[in-house]
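**Q** sequence first, predicted model second:
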Amino acid sequence: MPRVTGAARILALGMSAWLAGCGAGMAARDTVSSRASTRHDASARSGVARVRLAQIGSFREPVYVAGAPADPGRIFIVERAGTVRLVLNGRPQTRPFLDITRLVKSADGEQGLLGLAFSPDYASSGLFYVYYTTASNNIRILQYRRSAGNPNRADPASARVLLTIDHHRYTNHNGGQLAFGRDGDLYIGVGDGGSEGDPENNGQNTNVLLGKLLRIRPSLNGTYTVPVTNPFAGKAGKRREIWAFGLRNPWRFSFDRATGDLIIGDVGQDLQEEIDFAAAGSGAGANYGWSIFEGRRRYKAGSAPHSISPVLIAQHSSGYCAIIGGYVVRDRSLQGLYGRYLFGDNCRAQIESVKLTRGHASGLRPTGLNVSATSSFGEDALGHIYIASLDGPVYRLVRG
């Protein structure tokens, strides 16, 4: 079936290739394809923004950076082994905010403590959520509370299991992103369950949670409800938690803080990395095509009804291997990047930017910034943008 044109694999092959997809080849020329066939060339260099990287600290395999709502003085760094570190008013703290290493399986390079999100009412409720892999290879999301007596510590006794997802057969393609949308609901990016090529066809199976973007509404007591507007709510034989499907390994996604648009970086298989887009208020039941499609190419026989083509693809033949989805810049001090979407790739140091408008990409260009072993981007309460390297450093983007 033709695709509707509309709106990493993480390998344990050494940390430098931690997020790499299958069959990634390196090439001297940088090429990314959008719907407008945008590509790098010499003229793009004139658009390089005046921005630089300011290191805020060095950590042990940092995989995510988060800020808490209404708390710009605290930045939280997720370390893969199972700790959440705190940077308080620019100074890394010795004691972790949270340490759950005893719960986390991180022996395989794709596993570990992978995600963190703070409730929109964190200032009053103290609630936050973590995403990790268990000893049995399953995915688990826990709810915690901030310590009542110390805002620099989590209360370990407050842990409640919000959701466990069966993922026992393989150790890769775990996803890992947690993010609250404008609607106050928690969105969860889950990988397809692992191995290569989605052997169980989880991406297109709406009766399992693997290979999906989920949407749930957490309660104060560690349980959750499902919004009635979820596309499969009330439908027999479907998982009501599903918001969108057809994803391979949506390692990082984000919401544009100004518009509410959803942008997903989905790690590819052999040839293409992809960025998917859903305008604010849309995207319910979206089928992003995996594993019938990888990017814009057919990957295997079968049907992916009404699948949506990526807004942008990156070719492995040009050195891409594992897309690292980022954020739309809303920090007004970064004028050259304001309103542009930042992204990276685990096999390339170059950080790039592109303009995304209702499912169309234009003006792709390098930022002039380079971060080796990029593992994630982050955003704080004021809209400042951060970039983490699996090698240890975490940077904030500042005016050059």
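**A** Structure received.
**Q** which residue is the nearest non-sequential neighbour of Asp99?
**A** Thr83 (4.9 Å; Cβ to Cβ, 6 or more residues apart in numbering). In short, each C-beta sits where N, CA and C put it, glycine included.
**Q** isn't the one you found right up against Leu98?
**A** Yes: here Thr83 reaches Leu98: they are 6.8 Å apart, a contact under Cβ atoms under 8 Å.
**Q** which stretches of the stretch 151-300 of the chain form strands?
**A** With strands called from DSSP state E, counting those that start in this stretch, the stretch 151-300 of the chain shows them at 154-165, 178-180, 186-190, 212-218, 224-225, 242-245, 252-255, 262-266, 272-278, 286-287, 293-294, 297-298.
**Q** who has more neighbours out of Thr83 and Leu98?
**A** Higher neighbour count among Thr83 and Leu98: Leu98, with 25 against 19, using other Cβ atoms under 10 Å.
**Q** the more buried one and Ala154 touch, don't they?
**A** Yes: between Leu98 and Ala154 there is a contact under Cβ under 8 Å: 4.1 Å.
**Q** between the two, what contacts are shared?
**A** Residues touching both Leu98 and Ala154 (Cβ atoms under 8 Å, 6 or more residues apart in numbering) are Val84, Tyr144.
**Q** report pLDDT for the residue nearest the centre of the chain.
**A** By Cα atoms, centre = their mean, the chain has its centre lying nearest to Arg252, at 0.9 Å. Per-residue confidence (pLDDT) for Arg252: 99.
**Q** which residue packs closest to it, ignoring adjacent ones?
**A** Distances taken as Cβ to Cβ, 6+ apart place Gly325 nearest to Arg252, at 3.9 Å, with adjacent residues excluded.
**Q** so the one you found versus Asn249, what's the distance?
**A** Plainly put, Gly325 is 11 Å away from Asn249 if you go by Cβ to Cβ, to the nearest Å.
**Q** residue contacts, the residue lying closest to Asn138 once chain neighbours are set aside?
**A** Excluding its sequence neighbours, the residue lying closest to Asn138 (Cβ to Cβ, 6+ apart) is His167, at 5.0 Å. By Cβ under 8 Å, 6+ apart, the contact list for His167 reads Thr133, Asn137, Asn138, Ile139, Asn174, Gly191, Gly193, Gly194, Leu210.
**Q** need the residues touching each of Gly325 and Asn249.
**A** In contact with both Gly325 and Asn249: Asp266, using Cβ under 8 Å, 6+ apart.
**Q** tell me which of those two has more neighbours.
**A** Each of Gly325 and Asn249 has its neighbours counted (other Cβ under 10 Å); Asn249 has more, 31 against 26.
**Q** these two touch, right, the more buried one and Ile264?
**A** No: between Asn249 and Ile264 there is no contact under Cβ under 8 Å: 10.5 Å.
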